[in-house]
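Novice: Using only what follows, build the 3D model:
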Amino acid sequence: MKMNFMVALLNRMRRELRWEWLTPSQRGASEQLADFLSVHDVVNLFGEHGVGKTFLAWVWHKDWQQLGFGRIAYFPFPSQIAPVEGCRFAIVDNLPSRREAVRDVLRQSRLCGFQQTLLITVHAADDQMPKVRLALTEEDVTQVANLLQSLGYPPYADQPRNLWELVVPLGRV
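Specialist: Residues are numbered from 1 along each chain as shown. Coordinates of the predicted model:
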């Protein structure tokens with residue numbers, strides 16, 4: 001029952017998310033990614049767990065019109081890559097950074113008709129491609145904590161090490 005509270009929060013955030021919810025670090029990474037993708041077919045977004053990589057992907061997936069790449073397909077896991085009609089751009093999340101895994105996903109992505117791919121990993125992908133590192137700042141944490149409060153969730157009292165630590169305790173409320 002308590003975990004449902006956290007799942008409800010994540011679903012609500014995914015449903016209601018907006019560009020304005022991106023933290024300063026996420027906005028900076030988003031700009032770098034868009035710049036790289038204007039000249040490259042593949043880019044790697046990487047960073048520690050809980051820095052907001054997936055949330056950034058959700059924003060891109062939902063509001064793809066603002067980016068100019070056309071409709072975007074989002075795959076939470078590499079095993080879910082499949083053709084999506086009308087999409088030429090894929091975001092693949094939770095990808096291992098090993099070269100073999102990266103190349104397998106890129107091969108599968110191309111076979112599915114995607115012309116551009118954003119790979120999301122924890123560590124920098126072990127292959128030649130532009131990479132953007134997303135790191136968390138205190139300003140980012142404060143902004144997310146304030147956002148959660150504005151959505152009616154209780155404030156977080158401790159100093160979190162990542163954004164998941166702001167959300168996971170809500171599953172125990």
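Novice: Residue 61 - that's part of a strand, no?
Specialist: No. Secondary structure of residue 61 (DSSP: H, G, I helix; E, B strand; the rest coil): helix, not part of a strand.
Novice: what sits against it?
Specialist: Counting by C-beta atoms under 8 Å, 6 or more residues apart in numbering, residue 61 touches 72-74, 91. Placement of C-beta: from N, CA and C, glycine included.
Novice: repeat that with 6 Å
Specialist: By C-beta atoms under 6 Å, 6 or more residues apart in numbering, the residues touching residue 61 are 72, 74.
Novice: From residue 89, how far off is it?
Specialist: Taking C-beta to C-beta, to the nearest Å as the measure, residue 61 falls 10 Å from residue 89.
Novice: tell me, what's touching the two both at once?
Specialist: residue 72.
Novice: in what helix or strand does the most centrally placed residue in the chain lie?
Specialist: In the chain, the residue lying closest to the centroid (C-alpha atoms, centre = their mean) is residue 54, at 2.3 Å. Per DSSP states H and E, residue 54 falls inside helix 53-62.
Novice: Can I get that helix as PDB, trimmed to CA atoms?
Specialist: This file holds the C-alpha atoms of helix 53-62, laid out as PDB (Å, rounded to 0.1, in the frame of the first residue of the first chain):
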ATOM      1  CA  LYS A  53      18.400  11.300 -16.500                       C
ATOM      2  CA  THR A  54      15.200   9.400 -16.900                       C
ATOM      3  CA  PHE A  55      13.100  12.400 -16.000                       C
ATOM      4  CA  LEU A  56      14.900  14.400 -18.700                       C
ATOM      5  CA  ALA A  57      14.100  11.500 -21.200                       C
ATOM      6  CA  TRP A  58      10.400  11.700 -20.100                       C
ATOM      7  CA  VAL A  59      10.300  15.400 -20.900                       C
ATOM      8  CA  TRP A  60      11.900  14.900 -24.300                       C
ATOM      9  CA  HIS A  61       9.500  12.000 -25.100                       C
ATOM     10  CA  LYS A  62       6.400  14.000 -24.000                       C
END
